[in-house]
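1. how would this look folded up:
(one chain, ligands or ions: 1)
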Amino acid sequence: MLASRLESGLVKAGAATIRKISVHKASQLAAVQRNVRALVTASPIEAVSSNSSKLPADIKSVLFTADEVRDKVAELGQQICKDYKGKKLAIIGVLNGAFIFTADLAREISKELPDVQVDFLRASSYGTASESSGQVAVQTTSDLGRWEEFHILLVEDIIDSGHTLARLGKVLSAAGAQSVKVVALLDKKGRRRVEFFPDYCGWECPNEFVVGYGLDFDERFRCLPYVAALKEEAYAGSGH
Ligand SMILES: O=P(O)(O)OC[C@H]1O[C@H](OP(=O)(O)OP(=O)(O)O)[C@H](O)[C@@H]1O
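-> As a prediction, this is how the structure comes out:
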């Protein structure tokens, strides 16, 4: 009798424990499912940018988040589509810094203007320093004469001293395109050495050395999904 009461007590206690465990497991499972869903639906960009504790050591702060950059690129793309409707448009990205901006902008523009053509040229004046040398080395990837019937939009990540775009303007106007305009994601107006005004601009940029979304310091940080200010100590002595 005692044994059977004990047994039934244990069975009841066991059932309650199992119920408790299953409720606990179910809520744990739901939490895991929620996390997995969030990871699957969030782009890698959102996953990184929403967690500021994951900023790389040399990064001071995020100036423009991945979401803000995406919205800005969409806005610029829509404006460009309106302005170039019915025209033969070629967008030419300035390597290396504008490689991500050019790719994103091209996809945005091609929603409305599917015949937009894309090319790149390389311009470099900084080397491993953070101050422009003023000597802009330009390399084209194709014969610029092919753009004679096109309206060209140069795509830049940032305008700083203005040396790069002043030089590229001269190179491209010699190519005989229908028109040459410039879209820059960032404009550091306060640092101009040569007068230059972009036709389209994402944001005015504070006087900080910025990296991410294509922009580098000494070839680092280009693939960050946001635009961030570098800590001064990271570039101290390099001239900025
Ligand atoms: O207005 P400026 O003073 O000329 O500076 C702007 C240019 O400087 C950077 O390029 P960089 O020469 O560093 O080469 P990169 O694009 O390969 O990083 C940037 O990507 C712009 O192209």
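2. residues touching whichever residue of the chain sits closest to the ligand, list them.
-> The minimum distance from the chain to the ligand, using CB to the nearest ligand atom, falls at residue 97 (2.7 Å). The C-beta positions use only the backbone N, C-alpha and C, and glycine is treated the same way. Residues near residue 97 by CB atoms under 8 Å, 6 or more residues apart in numbering: 156, 157, 158, 214, 215, 216, 222.
3. please apply the same query to residue 94.
-> Going by CB under 8 Å, 6+ apart, residue 94 touches 120, 121, 122, 123, 154, 155, 156, 157, 164, 168.
4. any idea how far the most centrally placed residue in the chain is from residue 93?
-> Centroid check for the chain by CA atoms, centre = their mean gives residue 213 as the closest residue, at 3.1 Å. Applying CB to CB, to the nearest Å, the value for residue 213 to residue 93 is 13 Å.
5. so what's residue 230 closest to, chain neighbours aside?
-> Leaving aside its sequence neighbours, residue 230 sits nearest to residue 209 (CB to CB, 6 or more residues apart in numbering; 4.7 Å).
6. I should have written residue 98 there, sorry.
-> Nearest non-adjacent residue to residue 98 (CB to CB, 6+ apart): residue 157, at 4.5 Å.
7. what is in contact with residue 213 and residue 93 at once?
-> Jointly contacting residue 213 and residue 93 under the rule CB under 8 Å, 6+ apart are residue 101.
8. so where's the chain uncertain?
-> By pLDDT under 70, the weakly predicted segments of the chain are 1-53, 126-133, 239-240.
9. let me see the contact set for the closest residue to residue 149 other than its chain neighbours.
-> Nearest residue to residue 149, sequence neighbours excluded (CB to CB, 6+ apart): residue 88, at 5.7 Å. Going by CB under 8 Å, 6+ apart, residue 88 touches 115, 117, 149, 150, 151, 178.
10. pretty sure the residue nearest to residue 230 contacts residue 235?
-> Yes. With contact defined as CB atoms under 8 Å, residue 209 counts as touching residue 235 (5.2 Å).
11. switch the contacts of residue 97 over to JSON lines; also include distance to the ligand, secondary structure and neighbour count.
-> Below are these laid out as JSON lines (distance: CB to the nearest ligand atom, whole Å; DSSP: H, G, I helix; E, B strand; the rest coil; neighbours: other CB atoms under 10 Å):
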{"residue": "156", "distance to the ligand": "6", "secondary structure": "strand", "neighbour count": "26"}
{"residue": "157", "distance to the ligand": "5", "secondary structure": "strand", "neighbour count": "25"}
{"residue": "158", "distance to the ligand": "5", "secondary structure": "strand", "neighbour count": "22"}
{"residue": "214", "distance to the ligand": "7", "secondary structure": "coil", "neighbour count": "26"}
{"residue": "215", "distance to the ligand": "6", "secondary structure": "strand", "neighbour count": "24"}
{"residue": "216", "distance to the ligand": "5", "secondary structure": "coil", "neighbour count": "17"}
{"residue": "222", "distance to the ligand": "8", "secondary structure": "coil", "neighbour count": "17"}
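12. many thanks, we can stop here.
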